[in-house]
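**Q** have a look at this prediction, sequence included:
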Amino acid sequence: MPEHALLPGRGIIDAISALGRTMGYVVRCEWPIDSSQNTGAAVDIAWFAEENQKFPLMIFEVETSASTGMVNNAVKVFSKPSAELEKPLFYFHIVLSAATDSKRIDSLQRLFGTHNYGVYVLNNDRPSALAIDVLTQHRRIRAKLDLRSVLAEFMSEKWDGVNLNSVLAAAEKLEFRIPYLQVYGEKAVAYPLLRDRFFSFLRCKILKTRIVTSPEIEYDNPFYGVPWVHPIHLGIIAATTPEAADECLGLLRYWQLQSSYMSRIGPHFGLSKDYDEFVAGASASLWALLATLFKNVPGATEFIAEQMMEVFSKLHHARPAVTLFTAVWLLHVSGSGRVGRVFAEAARLVNQYGVPHRVLESPPAWIDLESPDGWCTPNQNDFVAVSDMDDFRNRMCSSALSQDDIPAEDIAITLLIGRPRAGWEAIIVRDLWASV
């Protein structure tokens, strides 16, 4: 078959060729079916598993229209004896434009449909079907897929007309062994469709499979570490799916209190240095993040404040700067949820040692236990006392109303993918107080 000279035909050939290389295939255009006979018979695109393979795994033939030549292009492949040409895993016959009721296409489908053959008419909303079937055939032989690169291809102008949502939903059902959430999360803020896919995939993963232990690694480098991904997942679902929020709180309680022989986050010091550093130097901000995500769920703030208090009450032998870290975050969680007893305990310690105004309203996400003192050293006139819960609530609510609102679930996504936004701790504090 002669090379395509028209731009539409050339464009789809370039798109399929680029996709094949992205998916790890050796791609050859105008591949001769039988070079020894010099007949000139060739297919537009052939995908090979490796460089030295004799026969392609997939063949793509592109037609400008549903002409009589379509039949010849299919016959030249399927009429060959297997000794001369092993049949491909799939033959994709692509037509740029044709009527919806083309009898020629129907006849070809009936004639060759039993030979792993399909016709895709691009002007009849079939680009998506083509993309999905390519992924389906790929999954038959490989469990891995470079989703970042494939996503970039399908989002380019070369694949204009593809329903990306449908293609990604199909890819998820094929269960490739790839970090869907990491890839979706990297583009979630910029692309609402991928943000929605992140939430949809997460709901399916958590609510259908009921994961209660440490999840499989879905992220490259989550901010808090892999063991603490699951509660953040539950918080994101609670924040974005109100009808599942109570269920997520139940799953959070189970994960924290019953899924192991001890509470997941608790004053179990001495297990390991990493665990001690997390519990004393970072867990308070994680609980605050969860409080923000669960803030509209009855009983959630009280439960979270109680769990924070379990750690706080066992830090009396720690250096004041370490105890203050949990105390300041506890002020925000208990104050926003009106957990008076807990607030009073945290306020007592804050007033005893003193905390700078800037730190009180925007505590750090974590502290270094090796040298924890620097973060809370007040300047001479910077100390601010916490008088009572109502006064503190009024102050924080006023501050929150004057700031831009960024959804806590978006902050959570950036933490999970290991790309936290600068100043995210202050955003979480404002979000925690914004609707109080």
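**A** Thanks, I have the structure now. Computed from a predicted model, the values in this text were never measured in an experiment.
**Q** identify the residue spatially nearest to residue 316, adjacent ones excluded.
**A** Spatially, and ignoring its direct neighbours in sequence, residue 316 is nearest to residue 323 (7.1 Å; C-beta to C-beta, 6 or more residues apart in numbering). Placement of C-beta: from N, CA and C, glycine included.
**Q** show me the contacts for the one you found.
**A** Residues in contact with residue 323 (C-beta atoms under 8 Å, 6 or more residues apart in numbering) are 312, 315-316, 349.
**Q** and these, which of them are buried?
**A** Buried subset of those (neighbour count, 16 or more other C-beta atoms under 10 Å): 312, 315, 349.
**Q** not counting its neighbours along the chain, what's nearest the second one?
**A** In other words, residue 315. Excluding the flanking residues, the one nearest residue 315 by C-beta to C-beta, 6+ apart is residue 323, at 4.4 Å.
**Q** give the buried residues for whichever strand or helix holds that neighbour.
**A** Secondary structure assignment for residue 323, by DSSP states H and E: helix 320-336. The neighbour-count criterion (16+ other C-beta under 10 Å) identifies 320-336 as the buried residues of helix 320-336.
**Q** and the next element down the chain from that helix?
**A** Following helix 320-336 in sequence order, the next helix or strand is helix 340-353 (DSSP H and E).
**Q** report the inter-axis angle for that following helix versus helix 320-336.
**A** Between the axis of helix 340-353 and that of helix 320-336 there is an angle of 140 degrees, by axes from the mean of the first three to the mean of the last three C-alpha atoms, to 10 degrees.
**Q** what is the mean pLDDT for helix 340-353?
**A** Mean per-residue pLDDT for helix 340-353: 93.
**Q** what's it packed up against?
**A** helix 300-312, helix 320-336, helix 389-401 (3 or more C-beta pairs under 8 Å, 6 or more residues apart in numbering; DSSP states H and E).
**Q** which one of those helices lies closest to residue 228?
**A** Of all the helices and strands packed on helix 340-353, it is helix 300-312 that lies closest to residue 228, at 13.0 Å by C-beta to C-beta.
**Q** distance check, the most centrally placed residue in the chain against residue 232.
**A** The structure's the chain has its C-alpha centroid closest to residue 181; by C-alpha atoms, centre = their mean the separation is 2.0 Å. Using C-beta to C-beta, to the nearest Å, one gets 11 Å for the distance from residue 181 to residue 232.
**Q** swap in residue 290?
**A** The gap separating residue 290 from residue 232 is 7 Å, by C-beta to C-beta.
**Q** kindly report the same for residue 419.
**A** 14 Å.
**Q** looking at the two, which one has more neighbours?
**A** Using other C-beta atoms under 10 Å, the more surrounded residue of residue 419 and residue 232 is residue 232, with 22 against 14.
**Q** what helix or strand is the more buried one on?
**A** According to DSSP H and E, residue 232 maps onto helix 229-240.
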